[in-house]
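> Can you look at this prediction? I've put the sequence above it.
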Amino acid sequence: MLKSIYIKSIIALSLFILILSCSKDSDPDPVHEEEVITLVTLEVTKVGSSETKKYNFEVEGHDHGEEDHEEEDHDDHDDHDGEHLEIELEANSSYNVSMMIYNDTDPDNIEDITPEIIEEVNEHQIFYAITDELSGFSISSASNDPKDSEGYPLFQKTTWTTTGETSGDVVGYLFHEPTSKTGSTRNDFGGAVDFEIEFEVHVEE
């Protein structure tokens, strides 16, 4: 009789451990949903003017840390490369510039990714690399630019300032999980590149 009670207790305990184990396994791990970015728009407004010019860049998506797939997928996206645009500005002027980020995979349902990037500002950083020949031109964080928990600006809203006539290339990046949020070159930031756009700035009198 005692042996039967002992065996039943062992079976009940085993079933309890099994149920508890299955319950833990069924809890899904939190998954970070990757942003799908296909279009970047720069909205450029001269200070003192109400006219806004929009410059659109088609970009291809990047998998965070999926370097092995990047090479395989490259040929599939050759028709979706970023455009090289020319942005014309006036000398001795200031411009308010907003970078807007979209997923336009479905043209009938274009998704604005910008709020998501701002919400996850701690994990993102925008950087504009200005070539040396573009003298007298600067990009700074605007007063209404989103900032992360440590006070670093995202550079989603910026002020562009010009002086004399000049021209040169600018490359814009969005970094995911950068190792640094300050620097003067792409390598200073580390992290993964969510997108890269290139354009030419022309400043004329």
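Yes, it's here. Since we're looking at a predicted model, the values are computed, not measured.

> Pro115 - how many residues pack around it?
Applying other C-beta atoms under 10 Å, we find 9 residues neighbouring Pro115. Every C-beta, even on glycine, is put in place using the N, C-alpha and C of the backbone.

> whoops, I mixed them up, Val44
18.

> Confirm for me that it is in contact with Ile87.
Yes: assessed by C-beta atoms under 8 Å, Val44 is found in contact with Ile87 at 6.6 Å.

> shared neighbours, these two?
Tyr55 (C-beta atoms under 8 Å, 6 or more residues apart in numbering).

> what is the rounded mean pLDDT of the strand ranked longest in the chain?
Taking DSSP state E as the criterion, the chain has its longest strand at strand 192-204. If you average the pLDDT over strand 192-204, you get 96.

> then that strand to CSV, C-alphas only?
The C-alpha coordinates for strand 192-204 follow below in CSV (Å, rounded to 0.1, in the frame of the first residue of the first chain):
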residue,chain,number,x,y,z
ALA,A,192,24.7,48.7,-38.5
VAL,A,193,23.6,50.9,-41.4
ASP,A,194,19.9,50.9,-41.9
PHE,A,195,20.2,53.0,-45.0
GLU,A,196,22.6,55.3,-46.8
ILE,A,197,21.7,58.1,-49.2
GLU,A,198,24.0,60.4,-51.2
PHE,A,199,23.3,63.8,-52.7
GLU,A,200,25.2,66.8,-54.0
VAL,A,201,24.7,70.3,-52.5
HIS,A,202,25.0,73.3,-54.7
VAL,A,203,25.2,76.7,-53.0
GLU,A,204,24.9,79.8,-55.3
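
> Mind giving me the packing neighbours of that strand?
strand 39-46, strand 52-58, strand 84-90, strand 166-176 (3 or more C-beta pairs under 8 Å, 6 or more residues apart in numbering; DSSP states H and E).

> give me that answer again for 7 Å
If contacts are counted by 3 or more C-beta pairs under 7 Å, 6 or more residues apart in numbering; DSSP states H and E, strand 192-204 sits against strand 84-90, strand 166-176.

> need the strands for this structure, in chain order.
39-46, 52-58, 84-90, 94-103, 111-112, 124-130, 137-141, 157-162, 166-176, 192-204.
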